[in-house]
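Asks: Below is the sequence, then the predicted model.
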Amino acid sequence: MVKTYVWVSLILLLLALCSCSSGSEQNTPAQKPGPSPQSKVQMIDKSKVFAEKTDIEALRRSITTFYASEGRYPKDMEELEGYTGVPMDKSTYDYDPSTGKLSRK
């Protein structure tokens with residue numbers, strides 16, 4: 001009986017030791033290093049640039065649509081804003097109503 005107990009204990013101990021792994025072999029999500037703070041800032045900057053490009057492209061399409069429906073360019077950004085119904089930060093854009101050209105300041 002004691003021999004059986006010793007053998008079962010040894011087998012369980014060996015199984016327990018074999019199932020354990022060192023911390024370097026398996027990384028849980030909590031252990032994996034994330035992006036560095038500098039990398040996070042770069043990702044945020046890239047997303048801001050992408051958003052700005054997307055915004056200006058959408059405004060340019062709105063100007064083109066306004067021209068197609070009205071036969072003229074909007075007289076100012078307020079008229080374009082009223083046409084689209086989308087609020088915009090007019091202080092960040094230069095708009096030429098004679099040509100319909102829009103650019104960032």
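Replies: Thanks, I have it.

Asks: C-alpha only now, for contacts and for neighbours.
Replies: OK.

Asks: those helices in this protein, which residues are they?
Replies: 2-19, 37-70, 77-84 (DSSP state H).

Asks: Among the ones you listed, which comes closest to D96?
Replies: Among these, helix 77-84 comes nearest to D96, with 9.5 Å by Cα to Cα.

Asks: could I have stretch 93-105 exported to CSV, CA atoms only?
Replies: Taking C-alpha atoms only, stretch 93-105 is exported to CSV below (Å, rounded to 0.1, in the frame of the first residue of the first chain):
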residue,chain,number,x,y,z
TYR,A,93,-9.4,75.7,-44.0
ASP,A,94,-8.7,78.3,-46.7
TYR,A,95,-11.5,78.4,-49.2
ASP,A,96,-11.6,80.3,-52.5
PRO,A,97,-15.3,80.7,-53.6
SER,A,98,-14.3,81.8,-57.1
THR,A,99,-12.5,78.5,-57.8
GLY,A,100,-14.0,76.2,-55.2
LYS,A,101,-10.4,75.4,-54.0
LEU,A,102,-10.1,74.2,-50.4
SER,A,103,-6.8,73.8,-48.5
ARG,A,104,-5.7,73.5,-44.9
LYS,A,105,-4.2,76.6,-43.3
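
Asks: returning to that earlier point: present the helices of the chain as TSV; the columns should include mean pLDDT and mean neighbour count.
Replies: Output for those, formatted as TSV (pLDDT from 0 to 100; neighbours: other Cα atoms under 10 Å):
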stretch	mean pLDDT	mean neighbour count
helix 2-19	55	10
helix 37-70	89	13
helix 77-84	92	15
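
Asks: Mind checking those for the one nearest to G100?
Replies: helix 37-70 (6.7 Å).

Asks: tell me the angle the closest one makes with helix 77-84.
Replies: Interaxial angle, helix 37-70 versus helix 77-84 (axes from the mean of the first three to the mean of the last three Cα atoms, to 10 degrees): 80 degrees.

Asks: for helix 37-70, packing partners?
Replies: Secondary-structure packing of helix 37-70 (3 or more Cα pairs under 8 Å, 6 or more residues apart in numbering; DSSP states H and E): helix 77-84, strand 101-104.
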